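Asker: with the input below, show me the fold.
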Amino acid sequence: MPRSIPRTSSTTTDLSSPRRRALRPGEEYREPTARERQDFLAHFELRKIALGVCARDFGTPCAHEHACIRCPVLRPDPDQMPRLEEIHANLLDRLQEAKEQGWLGEVAAIEASLAAAEQKLAAMRDLAARHTTVLLGVPDLRGVVARIDSEQRNEDAKPQP
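Answerer: Residues are numbered from 1 along each chain as shown. Purely as a prediction, here's the structure:
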């Protein structure tokens, strides 16, 4: 089987792992407490949002003040495309109102959100296009079963020594 990693790189990595572990404090290798495990699992539950999943690191605060549509670590869910299209349409309406009212700061903010929404929609379309279901059909095993059954009968028909 071909190796995807050159042998020298793999060997170097294998040898350096024990060295790296030896340099780290031993308390980092203890079993987590129930509370730590609960906090860790809760982190991932709290990352599920309406448009997909927030992929920020464990234990880090939201740097974008929960403006998820603008956040580069939002992993959009293609199933939520109608929701994002609705948000996009709403942003277009808000942009028109902001321009009519002369709210230049609001115009700039909405334009940034619109650009991000368009980027996320493009990502969703791309992801949806790559994740298509291919129907392979139901395998017909009758021929295989018949062959196995025939072989078994031939074995059974052989004289026993």
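Asker: show me which helix runs longest in this protein.
Answerer: Of all the segments of type helix in the chain, defined by DSSP state H, the longest one is helix 104-130.
Asker: just checking, what packs against that one?
Answerer: Contact here means 3 or more C-beta pairs under 8 Å, 6 or more residues apart in numbering; DSSP states H and E; on that basis helix 104-130 packs against strand 74-76, helix 81-101. No exception for glycine: its C-beta is placed from N, CA and C like everyone else's.
Asker: pick the most deeply packed of these.
Answerer: strand 74-76 (a mean of 21; mean count of other C-beta atoms under 10 Å).
Asker: got any ranges where the protein has weak pLDDT?
Answerer: 1-16, 131, 161 (pLDDT under 70).
Asker: quick check: closest non-adjacent residue to Leu95.
Answerer: Ile110 (4.6 Å; C-beta to C-beta, 6 or more residues apart in numbering).
Asker: same question but for Ile49, I mixed them up
Answerer: Using C-beta to C-beta, 6+ apart, the nearest residue to Ile49 is Cys68, at 5.7 Å.
Asker: return the residues in contact with the residue nearest the centre of the chain.
Answerer: In the chain, the centroid-proximal residue (C-alpha atoms, centre = their mean) is Arg75; its distance is 6.8 Å. By C-beta atoms under 8 Å, 6 or more residues apart in numbering, the contact list for Arg75 reads Gly52, Val53, Cys54, Ala55.
Asker: let me know the closest of those residues to Arg20.
Answerer: Each of those was checked against Arg20 using C-beta to C-beta; the closest is Ala55, at 25.2 Å.
Asker: would you mind measuring from that closest one to Leu46?
Answerer: In this view, Ala55 and Leu46 are 12 Å apart by C-beta to C-beta, to the nearest Å.
Asker: cool, and Ala122?
Answerer: 27 Å.
Asker: repeat for Cys68
Answerer: 12 Å.
Asker: the more surrounded of these two?
Answerer: Cys68 (18 against 9; other C-beta atoms under 10 Å).
Asker: that one contacts Lys48, correct?
Answerer: No. Using C-beta atoms under 8 Å, Cys68 makes no contact with Lys48, being 11.4 Å away.
Asker: overlap in contacts, these two.
Answerer: With C-beta under 8 Å, 6+ apart as the test, Cys68 and Lys48 both reach Cys54.
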